[in-house]
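Peer 1: How does the following fold in three dimensions:
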Amino acid sequence: MDALAERMRAVAASGDRPAMFLYVHSVRAKAQDPIFGSAKLAEGLRLKELVSELESALDPEGVKRREKARASLEEARELKNYAHYRKHGAKDAAELYMNRAYGQAV
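Peer 2: Residues are numbered from 1 along each chain as shown. Below is the predicted model of the structure:
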């Protein structure tokens with residue numbers, strides 16, 4: 001395990017993108033292997049940590065892009081919910097529930 005960590009750090013330091021890509025995918029697959037389930041939980045967590053370190057070296061702007069994508073997705077979900085509520089004559093989830101449970105307010 002320590003040897004693998006050292007190799008991954010060396011690959012990250014070298015800047016060899018194809019090697020980083022291969023290490024990320026192969027170690028991620030190994031970390032998701034059921035063998036690393038309950039019996040070797042610490043090793044599985046360590047592998048996931050190593051993968052995240054190497055991914056950040058591979059794509060330093062990835063975190064910012066993922067946060068931006070999460071924010072956009074959340075905004076789209078809010079708009080979808082708002083459109084659904086307005087379609088059914090309500091302003092929010094509570095009013096929609098009240099309209100369905102007790103009928104439309106006059």
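Peer 1: Residue 85: what's its closest spatial neighbour, skipping adjacent residues?
Peer 2: Spatial nearest neighbour of residue 85, chain neighbours left out: residue 96 (5.4 Å); criterion: CB to CB, 6 or more residues apart in numbering. Quick note: C-beta positions are derived from backbone N, CA and C, even for glycine.
Peer 1: Pull up the per-residue confidence for residue 59.
Peer 2: Residue 59 is assigned 83 on the pLDDT scale.
Peer 1: Please report how far it lies from residue 99.
Peer 2: Counting by CB to CB, to the nearest Å, the gap from residue 59 to residue 99 is 47 Å.
Peer 1: likewise residue 5?
Peer 2: In terms of CB to CB, residue 5 sits 58 Å off from residue 99.
Peer 1: what's the longest helix in this protein?
Peer 2: Of all the elements of type helix in the chain, the one with the most residues (DSSP state H) is helix 62-87.
Peer 1: Would you tell me what the next helix or strand after that helix is?
Peer 2: helix 93-102 (DSSP states H and E).
Peer 1: can you pull the buried residues of that following helix?
Peer 2: residue 96 (16 or more other CB atoms under 10 Å).
Peer 1: how far off helix 62-87 does that helix point, in degrees?
Peer 2: 30 degrees (axes from the mean of the first three to the mean of the last three CA atoms, to 10 degrees).
Peer 1: how far is helix 93-102 from where the chain is centred?
Peer 2: Here helix 93-102 is found 33 Å from its chain centre; the criterion is CA atoms, centre = their mean, to the nearest Å.
Peer 1: Let me see the domain layout of this protein.
Peer 2: 2-60, 68-102 (automatic domain parsing).
Peer 1: okay, those, which one's buried deepest?
Peer 2: Among those, domain 2-60 has the highest mean neighbour count (mean count of other CB atoms under 10 Å), at a mean of 14.
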